[in-house]
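Colleague: structural data only, the sequence is not supplied:
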């Protein structure tokens, strides 16, 4: 009679450092910064951003907003 066991794997990580940190930094130019500041003044910025997440998928605005958080 063969016995087998399945063990779950758990990885606890503290102090994770990206090896691609330099590559992950956004490259922002003057126009990007200007547009970000303009959008920040919008009253409905969260709705605008929510609609821009997975724009080809209609609806599910609350889920899209949750992804932004």
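Modeller: Alright, I've got the coordinates. What you see is a predicted model, and the numbers here were worked out from it, not measured in a lab.

Colleague: this protein: strands as residue ranges?
Modeller: Listed from the start of the chain, the chain has no strands (DSSP state E) to report.

Colleague: residue 54 against residue 64, yeah?
Modeller: Yes. When contacts are counted by C-beta atoms under 8 Å, residue 54 is listed as touching residue 64 (6.4 Å). To be clear about C-beta, it is placed using only N, CA and C from the backbone, and glycine gets the same treatment.

Colleague: quick one: distance of stretch 3-22 to the chain centre.
Modeller: Distance of stretch 3-22 from its chain centroid, counting by C-alpha atoms, centre = their mean, to the nearest Å, is 20 Å.

Colleague: list the contacts of it.
Modeller: If you take C-beta atoms under 8 Å, 6 or more residues apart in numbering as the criterion, stretch 3-22 is touched by residue 24.

Colleague: show me what contacts residue 45?
Modeller: Residue 45 makes contact with residue 39, according to C-beta under 8 Å, 6+ apart.

Colleague: quick revisit: which one's more surrounded, residue 54 and residue 64?
Modeller: residue 64 (18 against 12; other C-beta atoms under 10 Å).

Colleague: pLDDT score for the closest residue to that one other than its chain neighbours?
Modeller: The shortest distance from residue 64 to any residue that is not its chain neighbour, by C-beta to C-beta, 6 or more residues apart in numbering, is 4.2 Å, and that residue is residue 53. What the model reports for residue 53 is a pLDDT of 88.
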